[in-house]
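1. Provide a 3D model corresponding to the input given below.
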Amino acid sequence: MAMRKIIFAEGELYHVYNRGVDKRIVFTTRGEYERFLMYLHILNTNSDVRPTEVMERKSKEEIFNTPRKDPLVAIGAFCLMPNHFHLLLTPLVPGGVSKFMQKVQTAYTMYINARYERTGALFQGTFKAEHAASDTYAKYLYSYIHLNPSKLVSIKWKDFKENDFSKVRSFLTEYPHSSLKEYMSGQHVISDPSYFPEYFSTKKDLQTHIDDWIILKREV
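-> Now for the predicted structure:
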């Protein structure tokens, strides 16, 4: 599907996503997932940064504990899957979304190409984006993005019996490459809910919201 031309406006919310070219797997090891997540943190700045140099000087913990300077975007939610990723973003500067995505995808493609001695594109074009123009759709995106790992429990997870509900729920809550874990723990490192509507005032509200969508998804 070709990307519609979107003018990214500050204060608006956008669902940004992309997948591997020819639907290829882009994350094969835990280290590759973590690398992309570190890029989401390191490269979210209007300053010029060489991520490889940063990673050589600092540990993963030090990287995530370093405050971002002049951020390009705020990340409301994220989820990495084996062959694609989802982000909920709002730009903080003009052109922030496009600049951020170009930096992250270029850095990760260069890393994978060097690691596997390959050349060419890793992702399917630039990226896809949809404007979350209503509160209803924006709130839905929190569920859509965070429910993505359900299919990793089983492709037929929607056919699970009621007593399997807790298995899917626990998997989603503990999935290490999603912002749901940050929301449930209250420890936001990559995500920053302060720039987004407060849809869930408590962890219980968020869990109830996710539970309702798990049940709804199983019924459709």
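2. tally of neighbours for the closest residue to A77 other than its chain neighbours?
-> Spatially, and ignoring its direct neighbours in sequence, A77 is nearest to L88 (4.1 Å; Cβ to Cβ, 6 or more residues apart in numbering). Where you see a C-beta, it was placed from the backbone N, CA and C, and this is true even at glycine. L88 has 26 neighbours, counted by other Cβ atoms under 10 Å.
3. Now do the same contact list for L88.
-> Contact analysis of L88 by Cβ atoms under 8 Å, 6 or more residues apart in numbering lists 13-16, 75-78, 132, 138, 141-142, 145, 196.
4. at 10 Å what do you get?
-> L88 is in contact with 13-17, 73-79, 132, 138, 141-142, 144-146, 179, 191, 196, counting by Cβ atoms under 10 Å, 6 or more residues apart in numbering.
5. Each with direction, which strands does the one helix or strand it maps to pair with?
-> Assigned by DSSP states H and E, L88 belongs to strand 84-91. The strands that strand 84-91 pairs with in its sheet are strand 13-19 (antiparallel), strand 73-81 (antiparallel) (by DSSP bridges).
6. Need these in TSV (columns: distance to E62 and mean pLDDT).
-> As requested, these are arranged in TSV below (distance: least, Cβ to Cβ, whole Å; pLDDT from 0 to 100):
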stretch	distance to E62	mean pLDDT
strand 13-19	27	97
strand 73-81	20	97
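7. ranking those by burial, who's on top?
-> Counting by mean count of other Cβ atoms under 10 Å, strand 73-81 has the highest mean neighbour count of these, with a mean of 23.
8. In the lowest-mean-pLDDT helix or strand in the chain, which residues are buried?
-> Using mean pLDDT, DSSP states H and E, the weakest-scoring helix or strand in the chain turns out to be helix 203-219, at a mean of 76. Residues of helix 203-219 classed as buried: 206-207, 209-210, 213-214, 218 (neighbour count, 16 or more other Cβ atoms under 10 Å).
9. so how far is it off the chain centroid?
-> Offset of helix 203-219 from its chain centre (Cα atoms, centre = their mean, to the nearest Å): 19 Å.
10. For that helix, enumerate the helices and strands it packs against.
-> Counting contacts by 3 or more Cβ pairs under 10 Å, 6 or more residues apart in numbering; DSSP states H and E, helix 203-219 packs against helix 135-147, helix 150-153, helix 165-174, helix 180-185.
11. quick one: the longest one to strand 73-81, angle?
-> By that I understand helix 135-147. Calculated by axes from the mean of the first three to the mean of the last three Cα atoms, to 10 degrees, helix 135-147 forms an angle of 40 degrees with strand 73-81.
12. just checking, what packs against the following helix or strand past the strand holding L88?
-> Sequence order places helix 96-116 as the next helix or strand after strand 84-91, per DSSP H and E. If you count contacts as 3+ Cβ pairs under 10 Å, 6+ apart, helix 96-116 packs onto strand 13-19, helix 30-42, helix 51-57, strand 73-81, strand 84-91, strand 128-132.
13. Thanks a lot, catch you later.
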